[in-house]
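Visitor: pasting a predicted model and its sequence here:
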Amino acid sequence: MARTGRKKTSLRVLVWLGVILAAMTAVLAGGTMSGVASWSPKLALDLEGGTQMILAPKVEGNSDINEEQLNQAVAIIRQRVDGSGVAEAEISTQSGRNVVVSLPGTPSTETRALIQASADMNFRPVLVTGAGAAVPAAQRTPAAQLPKPTAKPTNASDSNWITADVQKQFEALDCDHPAQEKQQRSDPAKPLVTCEPATDQTPAIKYILGPVEVKGVEIQGSTFQLQQGAQGAVTNEWAVNIQFNAEGTAKFKTVTERLNQFYVAAGGETGSDPKSQFAIVLDDQVISAPRSQAVITDGRPQITGGFTEKSAKALSDQLRFGALPISFDIQSEQQISATLGGEQLRMGLLAGLIGLLLVVVYSLFQYRALGFVTIASLVVAGALTYLAIAILGWTENYRLSLAGVAGIIVSIGQTADSFIVYFERIRDELREGRGLVSAVENGWKRAKRTVLASKAVNLLAALVLYFVAVGNVRGFAFTLGLTAIADLIVVFMFTHPTLQQLARTRFFGEGHKFSGLDPERLGAVPLYRGAGRLRSPEDKPSVVRAKNTGAAAEAERRMTIAERRRAEQQEQLAGSSKGPAKEGK
């Protein structure tokens, strides 16, 4: 009854593995049919080539750039690129002044804009908002009615910042069709007329903003998450969280105290006063202009309102990585060929095939028909790894580099080790005289602890490499960890259930000489007849003992110290019990 239950359980596990493979295939097929994915993995810069951009620093006042500023710029640009999901990018300095960014493939408009975005991130209060289109010339404010400030502004939200020139600039600005030429950096101590570009959800908006009150360098961190309701329940609305440093916290508290007065005076949620808003400005362009609905005293404001997961992540990245110590212009941009090329990839794949062939030959030589289980397990592990890499290339923009290919090749031997450990445990159980069904179960109990410990070490090494190293080494670490996870899935969900099924077949259960579980070759005493039945060596007195001489020696050599001592004690007990019997005769 127990054996029947185990048989059904192993079949269910194999079915579940098939479901997982089918689901991954269906997901990738759906992405391919919709045109957003591909059956082949994305390749990194060293295998596919890509785009190289040389960024020239733009320092205010034409001052010299120092090495510390440049290194900080490289670090933040690398964070920006990694945060946007572009894998295997190369970022370096050139001639101690320029920054060279090499990206695989053709970078998206969002990625290019994220790299080029300047360091000029700050928070300005909103004075006036309007539709994005330019006001027709006939409808613009007459000269006699243009604002004429009567006093010096008392704070950044004071309307006296709006002069006649500022009003003219605001009415002439067309945010629906923004000019492409690069404008000069704005003066942080003066008002700014600028745009918030249109998105899929909102049209373009133009603003008159007051002077800078909080700088972007005072942002300590930024995250995005689903918003929590008043009772603590998670809603379906996305929110962006900001954390200021001590100086920024104090400044932001003062700003929100003033802005909140405009919010309350306008009627709270039922009213609308642009002066209750503060604009987050990156490179003189508004990326968000939330309304201040409360006084923020802890320096941890939360921005909400119509975000999707994608837009919330984009704003969070801009806030977190937006404060470069210097700004950059793209000096040149060109397509580059693969640095290693297809020849090196072919050689790497050839090395992998040779290694795989050697594993197959060894498995068949050492384990006979049981070696085909190793081959099938490697095929399943390869399918899981390939599908995972292809799906990650689509969803996370992961790209496979030559170092990643090397990680997959190294994993072939490590994956085969798991099967060898399991098979040898089964053979040890057979040498102790157990039937094959029992040997499979007991061998699995002993082998899985070893397999789990081995894979835990592999995963730990991969994690350390991934988080400590940079560049191509991270690609090696990623595939090493990914294949270790695939190996665990295959061993638990394919190799073991398959052996549970095979143990009940006549070919393996009766220990055919080509099964790899031949009892005479293994030196099993007493020998098993399959399905748990035993027979002693006396069934074939001379022939069996002759054939088992070498096998018994091999079995004795494989014994542990404890097993050898136990065998010696059993021999001594057997000898002492035979002595009195002979005397009785």
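Guide: Thanks, I have it.

Visitor: list the contacts for Ile296?
Guide: For Ile296, the contact set (CB atoms under 8 Å, 6 or more residues apart in numbering) comprises 252-253, 256. Quick note: C-beta positions are derived from backbone N, CA and C, even for glycine.

Visitor: quick one: which of the residues you listed is nearest Trp394?
Guide: Comparing these against Trp394 with CB to CB places Phe252 closest, at 39.5 Å.

Visitor: so the closest one touches Phe244, yeah?
Guide: Yes: between Phe252 and Phe244 there is a contact under CB atoms under 8 Å: 5.6 Å.

Visitor: overlap in contacts, the two.
Guide: Both Phe252 and Phe244 are in contact with 214, 299, where contact means CB under 8 Å, 6+ apart.

Visitor: the nearest residue to Gly352 once chain neighbours are set aside and Thr483, how far apart?
Guide: What sits nearest to Gly352 in space, not counting adjacent residues and going by CB to CB, 6 or more residues apart in numbering, is Ile409, at 4.2 Å. In this view, Ile409 and Thr483 are 10 Å apart by CB to CB, to the nearest Å.

Visitor: over to Pro136?
Guide: Taking CB to CB, one finds Pro136 at 64 Å from Thr483.

Visitor: which one of these two has more residues nearby?
Guide: Thr483 (27 against 8; other CB atoms under 10 Å).

Visitor: that's a helix at that one, yeah?
Guide: Yes: counting by DSSP: H, G, I helix; E, B strand; the rest coil, Thr483 is found in a helix.

Visitor: if we ignore the residues flanking it in sequence, what's nearest it?
Guide: That would be Ser411: by CB to CB, 6+ apart, it lies 3.5 Å from Thr483.

Visitor: next: Ser401.
Guide: Ala44 (3.6 Å).

Visitor: the one you found against Phe478, yeah?
Guide: No: using CB under 8 Å, Ala44 is not in contact with Phe478, being 11.1 Å away.

Visitor: overlap in contacts, those two.
Guide: Joint contacts of Ala44 and Phe478 (CB under 8 Å, 6+ apart) are Gly404.

Visitor: the two: which is more packed in?
Guide: Comparing Ala44 with Phe478 by other CB under 10 Å, the one with more neighbours is Ala44, at 29 against 24.

Visitor: for that one, give me the pLDDT.
Guide: Looking at Ala44, its pLDDT is 81.

Visitor: can you pull the contacts of it?
Guide: 87-88, 104, 399-402, 404, 472, 475.

Visitor: how about Ser102?
Guide: Contacts of Ser102 (CB under 8 Å, 6+ apart): 45, 50-53, 89-91, 336.

Visitor: now do the same for Ser102: helix, strand or coil?
Guide: strand.

Visitor: ok, now how distant is it from Leu45?
Guide: Taking CB to CB, one finds Ser102 at 6 Å from Leu45.

Visitor: which residues are in contact with both of these two?
Guide: With CB under 8 Å, 6+ apart, Ser102 and Leu45 have common neighbours 89-90, 336.

Visitor: Pro274 and Gly130 touch, don't they?
Guide: No: judged on CB under 8 Å, Pro274 makes no contact with Gly130 at a distance of 9.2 Å.

Visitor: out of the two, which sits in the more crowded spot?
Guide: A side-by-side neighbour count of Pro274 and Gly130, using other CB under 10 Å, places Pro274 first with 19 against 16.

Visitor: contacts only, for the more buried one.
Guide: Neighbours of Pro274 in contact, by CB under 8 Å, 6+ apart: 126-129.

Visitor: quick revisit: confidence-wise, which of the contacts of Ala44 comes last?
Guide: Among the contacts of Ala44, pLDDT bottoms out at Ala87, giving 62.

Visitor: picking up where we left off before, among the contacts of Ile296, which ones are in helices?
Guide: Cross-referencing these against helices under DSSP state H gives 252-253, 256.

Visitor: buried stuff in the helix or strand hosting the residue nearest to Thr483?
Guide: Per DSSP states H and E: Ser411 is located in helix 402-431. Residues of helix 402-431 classed as buried: 402-412, 415-431 (neighbour count, 16 or more other CB atoms under 10 Å).
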